[in-house]
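Enquirer: coords please:
(one chain, ligands or ions: 1)
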Amino acid sequence: MFDIKMNEQAARHMIVEVGRRLYERGYIAAADGNISVRLEGRRQLLATPTGVCKGFLKPEMLVIVDEEGRKLQGDLNPSSELAMHVTIYRLRPDVNAVVHAHPPVGTGFAASGIPLTKPLVSEVVLTLGCIPLAEYGTPTTEELAQAITPYVPHYDALLLANHGALTYGADLEDAYFKMETLEHFARIALVAHLLGQERPLPPEAVSKLFQIRQRAGRTSPTPSLCQVPTPSGRATEGPANANDRITLTRRQLVDLIAESIEATLAALIDENRSST
Ligand code: 13P
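Expert: Prediction:
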């Protein structure tokens with residue numbers, strides 16, 4: 001028989017451990033970041049308290065809230081970012097843990113308005129699909145919850161413009177490792193960019209990785225955002241249902257058009273070269 005009390009205790013210890021890891025790895029500083037988990041068998045969440053350093057938490061400092069984020073139990077007040085966590089749990093019944101942090105390289109991309117959507121590393125395409133950038137929303141307000149809403153059903157890791165990063169998963173270990181993958185990939189993407197000759201995976205390779213994702217029952221990222229091609233080579237449809245509605249920001253649309261113009265120009269230059 002499932003023991004609720006044990007589960008809560010295990011969750012408390014795991015949150016303390018993940019807070020320590022986030023702080024030691026420099027993904028959070030001072031009172032940054034927040035962590036929450038669903039408490040199994042209860043319609044409740046266990047969350048970090050607001051305004052304290054999450055690197056030095058103690059199990060008794062954590063706060064129990066209801067599914068709307070209202071405090072039920074605890075000496076301290078819960079995270080000021082619970083609206084964001086609650087939105088994820090509402091939209092993703094498969095998610096049982098959420099991690100928010102400010103990892104420096106990932107957050108650097110977020111502060112520069114650059115999503116991590118290029119298929120540069122096969123493992124990242126397999127695990128996360130890609131990492132889009134949600135528009136800026138004022139921290140601690142509903143704006144932030146609204147900014148992430150279009151992305152949450154399709155992605156497990158997000159950059160938050162001018163703010164930080166957000167990952168979530170089936171359990172807290174999973175959500176935390178996605179944060180590690182996000183920051184690791186941000187470093188790799190930065191180095192590839194600095195070396196001046198990024199070579200994203202070709203469309204056929206990305207398509208195969210997405211087929212593996214689909215077979216494993218992973219989320220279906222918006223194909224155009226993750227640069228998933230169709231068999232005909234176009235990136236506007238993909239393994240996800242072609243009739244899916246997609247949401248694009250103005251900047252993403254402009255990027256897509258710019259990429260398409262660049263690709264057409266490159267093809268024309270190649271054609272010209274080979275005919276002379
Ligand atoms: P809380 O301490 O209220 O969770 O806020 C930390 C944070 O990082 C806000 O973005």
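Enquirer: nearest residue to residue 30 in space, please, no chain neighbours.
Expert: residue 53 (6.3 Å; C-beta to C-beta, 6 or more residues apart in numbering). Heads up, the C-betas are built off the backbone N, CA and C, glycines and all.
Enquirer: can you count the residues close to the one you found?
Expert: Neighbour count for residue 53, taken as other C-beta atoms under 10 Å: 14.
Enquirer: same check on residue 104?
Expert: Residue 104: 15 neighbours (other C-beta under 10 Å).
Enquirer: can I assume it is in contact with residue 28?
Expert: No: in this structure, residue 104 is not within contact of residue 28 by C-beta atoms under 8 Å, at 10.1 Å.
Enquirer: and for residue 135, the neighbour number?
Expert: Neighbours around residue 135, by other C-beta under 10 Å: 19.
Enquirer: ok, residue 148 touching residue 85?
Expert: No: applying C-beta under 8 Å, one finds residue 148 not in contact with residue 85, separated by 10.3 Å.
Enquirer: the more surrounded of these two?
Expert: Counting neighbours by other C-beta under 10 Å for residue 148 and for residue 85 shows that residue 85 has the greater number, 29 against 21.
Enquirer: quick check on that one: phi, psi?
Expert: phi -60, psi -50 (degrees, to the nearest 10).
Enquirer: how close does it get to the ligand?
Expert: 9 Å (C-beta to the nearest ligand atom, to the nearest Å).
Enquirer: these two touch, right, that residue and residue 34?
Expert: Yes: if you go by C-beta under 8 Å, residue 85 and residue 34 touch, sitting 7.3 Å apart.
Enquirer: residue 68 contacts residue 86, doesn't it?
Expert: Yes: contact criterion C-beta under 8 Å: residue 68 and residue 86 qualify, at 6.2 Å.
Enquirer: residue 44: how many residues sit nearby?
Expert: Neighbour tally, residue 44, other C-beta under 10 Å: 17.
Enquirer: equivalent analysis for residue 272, please.
Expert: 9.
Enquirer: element containing it, please.
Expert: helix 250-275 (DSSP states H and E).
Enquirer: how about that helix, which residues are buried there?
Expert: Within helix 250-275, the residues scored as buried using 16 or more other C-beta atoms under 10 Å are 252, 255, 256.
Enquirer: beyond the host helix or strand of residue 65, next helix or strand please.
Expert: Element membership of residue 65, judged by DSSP H and E, is strand 63-66. Later in the chain than strand 63-66, the nearest helix or strand by DSSP H and E is strand 71-73.
Enquirer: strand partners (parallel or antiparallel) of that next one?
Expert: Here strand 71-73 is paired, per DSSP bridges, with strand 63-66 (antiparallel).
Enquirer: which ones are touching the residue nearest to residue 30?
Expert: 23, 30, 31 (C-beta atoms under 8 Å, 6 or more residues apart in numbering).
Enquirer: isn't the last one right up against residue 49?
Expert: Yep, that's residue 31 we're talking about. No: in this structure residue 31 lies outside contact range of residue 49 using C-beta under 8 Å: 9.6 Å.
Enquirer: so which of those two has more stuff around it?
Expert: More crowded of residue 31 and residue 49, by other C-beta under 10 Å: residue 49, with 19 against 15.
Enquirer: which residues of the stretch 101-250 of the chain score low on pLDDT?
Expert: Confidence mapping of the stretch 101-250 of the chain against pLDDT under 70 gives the ranges 223-224, 228-247.
Enquirer: so which residues on the stretch 51-200 of the chain come close to the ligand?
Expert: Neighbours of the ligand within the stretch 51-200 of the chain, by C-beta under 6 Å from any ligand atom: 51, 79, 80, 81, 139.
Enquirer: out of those, which are buried?
Expert: By 16+ other C-beta under 10 Å, those give 79, 81 as buried.
Enquirer: tell me which of the residues of the stretch 51-200 of the chain next to the ligand has the lowest pLDDT.
Expert: The lowest pLDDT within these belongs to residue 139, with 94.
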